[in-house]
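> let me see the structure of the following:
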Amino acid sequence: MTTILICASPDLESDLCHTLFWREDLERYVAEKPDEARMLALATEPHIVVVDRDLKGAAELVASLRNQSLAHPVSIVALSHDAASPQDGEAAAGGVDAVLSLPPGPEWDTRLDQILQVPTRKQARFDVRFDVETLLRQTPGAHRGLALNMSSGGMLIECPGLRLQPGDDVALSLPIPGSRAPVEGRARVVRQPHEERLGLRFEAFAGDGDARVREFLAMLASQQHP
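Reported below is the predicted structural model:
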């Protein structure tokens with residue numbers, strides 16, 4: 001499920017609740033102050049953050065989100081009280097992915113559809129096939145599995161006999177093809193679509209592991225779109 005964090009004053013929230021940001025299929029959190037939103041972002045790991053840029057501390061919130069290490073890319077939307085239609089260049093200059101002019105109107109619908117699809121595009125998932133070694137705190141020894149697909153935020157593995165449930169943590173050793181050494185890291189089980197398959201969300205990598213994973217995915221993307 002896509003998680004959205006909205007940082008706005010209560011009077012603005014009354015307008016936003018009539019937009020697609022209040023869709024039933026979104027997990028939504030609301031904060032009135034940027035400091036509160038910063039803490040919520042760490043706890044909820046949102047895919048989209050909506051910030052009223054007139055709030056004191058809004059710019060600092062955007063900067064912290066850009067520097068914050070989350071399990072997946074975050075799309076940041078700034079709400080502008082300037083009625084003029086903002087250009088893409090303005091969004092890039094402000095460190096955000098999109099700028100929406102207030103108050104909300106019919107023109108928001110198409111734009112919001114695009115914005116709500118951004119996390120999926122940012123986390124393109126690629127079919128892969130390579131061995132994965134998993135280590136469990138409660139079970140001695142290494143367990144072998146097979147990586148089936150992978151994104152910058154996690155992966156699907158097939159690992160018969162590995163009895164795990166959503167919420168369990170595992171250590172990973174990923175011998176990524178073409179890499180000089182395995183990438184070591186931690187992951188959390190977030191889903192079990194099949195008895196022998198586990199959906200893992202990356203929590204942290206050792207050393208330059210995150211960069212190496214992203215380089216590998218960039219290589220796969222270039223092969224699909226030469």
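> contacts and neighbour counts: CA atoms only from here.
Noted.
> look at residue 172 and say how many residues are nearby.
Neighbourhood size, residue 172 [other CA atoms under 10 Å]: 22.
> helix or strand for it, just tell me which one.
In the assignment (DSSP states H and E), residue 172 maps to strand 169-174.
> same question for that strand, mean pLDDT?
Looking at strand 169-174 alone, the average pLDDT works out to 90.
> and residue 151, how many neighbours does it have?
Residue 151 has 21 nearby residues by other CA under 10 Å.
> ok, now which ones touch the nearest residue to it once chain neighbours are set aside?
Take residue 151 and drop its neighbours on the chain: the residue closest to it by CA to CA, 6 or more residues apart in numbering is residue 125, 4.5 Å away. By CA atoms under 8 Å, 6 or more residues apart in numbering, the residues touching residue 125 are 149, 150, 151, 152.
> against residue 217, how distant is residue 125?
Relative to residue 217, residue 125 is positioned 9 Å away (CA to CA, to the nearest Å).
> returning to what we had before: packing partners of the strand holding residue 172?
Where contact means 3 or more CA pairs under 8 Å, 6 or more residues apart in numbering; DSSP states H and E, strand 169-174 is packed against strand 126-135, strand 183-194.
> how about those in CSV, adding mean neighbour count, distance to residue 52 and mean pLDDT?
Below are those laid out as CSV (neighbours: other CA atoms under 10 Å; distance: least, CA to CA, whole Å; pLDDT from 0 to 100):
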stretch, mean neighbour count, distance to residue 52, mean pLDDT
strand 126-135, 17, 35, 84
strand 183-194, 17, 31, 83
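> could I get the ones you listed as TSV with distance to residue 101?
Shown next, in TSV, are the helices and strands packed on strand 169-174 (distance: least, CA to CA, whole Å):
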stretch	distance to residue 101
strand 126-135	35
strand 183-194	36
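> quick one, strands of the protein?
2-7, 26-31, 48-52, 75-80, 98-101, 126-135, 142-150, 154-158, 169-174, 183-194, 197-205 (DSSP state E).
> among the ones you listed, which is the most enclosed?
strand 48-52 (a mean of 25; mean count of other CA atoms under 10 Å).
> quick one: residue 113 from residue 33, how far?
Residue 113 is 26 Å from residue 33, by CA to CA.
> between those two, which is the more surrounded one?
Shown here are residue 113 and residue 33; by other CA under 10 Å, residue 33 has more neighbours (19 against 12).
> for that one, give its distance to residue 10.
Taking CA to CA, one finds residue 33 at 10 Å from residue 10.
> cool, and residue 131?
Remark: distance between residue 131 and residue 10 (CA to CA) = 50 Å.
> same question for residue 200.
Taken as CA to CA, the span from residue 200 to residue 10 is 36 Å.
> contacting residues for the residue nearest to residue 101 when sequence neighbours are not counted?
Leaving out its chain neighbours, the residue that sits closest to residue 101 by CA to CA, 6+ apart is residue 80, at 4.7 Å. Applying CA under 8 Å, 6+ apart, one finds that residue 80 lies in contact with 52, 53, 54, 99, 100, 101, 102.
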